[in-house]
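>>> quick check, what structure comes out for this input:
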Amino acid sequence: MAFAGAATVYGVRGNIYNRTIFKYANGVYTTVYKLDRYYSSPTYGFDYFTFSARVVADSKGNVYFGYNRDYGLNDWGNNPNPDFAGIMKITPDGIVTTYAGNFGPTGLGHQDGNVASAKFYSINDLAIDQNDNIYLADHIYVRKITPAGIVSTIAETGKTYSLAADKLGNVYVGGQYIDTATNSYKEGINKISPSGAKTVLTNVAYVESQQPLITDKYNNLWVGTGNNLKVYNPSGTSLGNYAIPTYCYSTTFDKSGNTYFIRGSAINQYLIEY
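You can find the predicted model right below:
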């Protein structure tokens with residue numbers, strides 16, 4: 001979920017076969033964008049769509065989400081031929097447009113540049129910092145889009161699942177990392193400093209893209225692991241473990257430091273005492 005203004009919340013709901021992006025403002029719930037995962041195309045057979053399990057909002061109230069599309073699946077959804085991955089934008093008045101990336105058979109890849117020419121492979125998650133820089137978990141890369149629309153690659157890791165950015169300029173990546181001692185992939189959380197230095201913050205098991213990473217106003221990192229939220233400071237020291245009464249898959253903080261998550265059909269608020 002993401003706050004786009006003091007009383008407007010955007011989020012993602014649905015299962016793996018279809019997802020919707022919703023808006024909740026002034027007590028009114030509306031569906032902003034709906035995507036069926038499969039539909040039959042007379043040209044390509046079955047098309048396969050996904051979009052990220054999280055949305056982010058900038059300081060102007062625009063909302064962004066990752067979008068992936070594959071052409072030419074068979075009837076069981078096997079053998080995808082990916083052709084597009086990019087970022088979609090929802091303006092405050094509800095207009096949905098492609099913000100970064102291009103549709104079509106040449107739209108897939110790893111290419112930096114401006115948002116019109118950049119290419120992406122598979123967007124799993126997004127994060128945004130206080131300066132409106134957007135960070136993407138794009139396959140094995142961590143990408144950055146500046147407010148001016150310039151795309152760059154800031155790190156290469158193993159497979160990336162989830163992201164968070166703090167106010168100190170650090171970016172946290174949940175997914176795989178290379179264990180230099182064994183020269184093998186392990187799962188955990190990478191920390192990327194403002195200078196680009198990459199370290200393993202913690203090797204906590206982190207295997208599902210819907211389990212979030214979020215940072216609070218004190219730059220602590222909160223890691224969703226099923227029915228728990230684990231907390232780490234920027235140095236990687238564990239600050240505790242908080243049980244919550246539901247599977248944690250969509251979580252955010254407001255400016256006051258309260259945390260919100262989706263439970264069933266409701267948005268729940270938890271007050272955190274530091």
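>>> so how far is Ile140 from Gly61?
The span separating Gly61 from Ile140 equals 32 Å under the rule Cβ to Cβ, to the nearest Å. Heads up, the C-betas are built off the backbone N, CA and C, glycines and all.
>>> my error: substitute Phe3 in the last question.
Counting by Cβ to Cβ, the gap from Phe3 to Ile140 is 30 Å.
>>> need the next SSE after the helix or strand harbouring Asn190, C-terminal direction.
Secondary-structure assignment from DSSP states H and E places Asn190 in strand 184-192. Past strand 184-192, further along toward the C-terminus, the next helix or strand under DSSP H and E is strand 198-202.
>>> tell me the mean pLDDT for that next one?
Predicted confidence along strand 198-202 averages 86 (mean pLDDT).
>>> how far off centre is whichever helix or strand comes after that strand?
Past strand 198-202, further along toward the C-terminus, the next helix or strand under DSSP H and E is strand 213-215. Counting by Cα atoms, centre = their mean, to the nearest Å, strand 213-215 is centred 11 Å from the centre of its parent chain.
>>> just name the shakiest helix or strand of this structure by mean pLDDT.
Across the helices and strands of the chain, mean pLDDT, DSSP states H and E gives its lowest value to strand 38-41, namely a mean of 46.
>>> any regions of the stretch 101-250 of the chain where pLDDT drops low?
Applying pLDDT under 70 to the stretch 101-250 of the chain flags the ranges 103-105, 204-211, 226, 244-250.
>>> returning to what we had before: and the strand holding Asn190, what does it pack against?
Helices and strands touching strand 184-192, by 3 or more Cβ pairs under 8 Å, 6 or more residues apart in numbering; DSSP states H and E, are strand 150-156, strand 171-179, strand 198-202.
>>> can I get those strands in a markdown table with mean neighbour count and distance to Val96?
Rendered in a markdown table, the data for those read as follows (neighbours: other Cβ atoms under 10 Å; distance: least, Cβ to Cβ, whole Å):
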| stretch | mean neighbour count | distance to Val96 |
| --- | --- | --- |
| strand 150-156 | 16 | 20 |
| strand 171-179 | 23 | 27 |
| strand 198-202 | 17 | 34 |
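>>> Gly94 is nearest to which of these?
Smallest distance to Gly94 across the helices and strands packed on strand 184-192 (Cβ to Cβ): 25.3 Å, for strand 150-156.
>>> could you point out the helix or strand that follows that closest one?
Note on strand 150-156: by DSSP H and E, the next helix or strand toward the C-terminus is strand 160-165.
>>> partner strands of that next one, parallel or antiparallel?
When pairs are called by DSSP bridges, strand 160-165 turns out to pair with strand 171-179 (antiparallel).
>>> check the offset of the partner strand from the chain's centre.
Average the C-alpha atoms of strand 171-179, do the same for its chain, and the two points are 14 Å apart (Cα atoms, centre = their mean).
>>> same deal with stretch 214-229?
Using Cα atoms, centre = their mean, the distance from the centre of stretch 214-229 to the centre of the chain it belongs to is 14 Å.
>>> ends of that stretch, what's the gap?
For stretch 214-229, the separation between the terminal residues is 10 Å (Cα to Cα, to the nearest Å).
>>> pull out the buried positions in it.
Neighbour counts using 16 or more other Cβ atoms under 10 Å place 214-216, 220-225, 229 of stretch 214-229 among the buried residues.
>>> make JSON lines out of those and add distance to Met88.
Below are the buried residues of stretch 214-229 laid out as JSON lines (distance: Cβ to Cβ, whole Å):
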{"residue": "Ile214", "distance to Met88": "21"}
{"residue": "Thr215", "distance to Met88": "24"}
{"residue": "Asp216", "distance to Met88": "27"}
{"residue": "Asn220", "distance to Met88": "30"}
{"residue": "Leu221", "distance to Met88": "27"}
{"residue": "Trp222", "distance to Met88": "26"}
{"residue": "Val223", "distance to Met88": "27"}
{"residue": "Gly224", "distance to Met88": "24"}
{"residue": "Thr225", "distance to Met88": "28"}
{"residue": "Leu229", "distance to Met88": "28"}
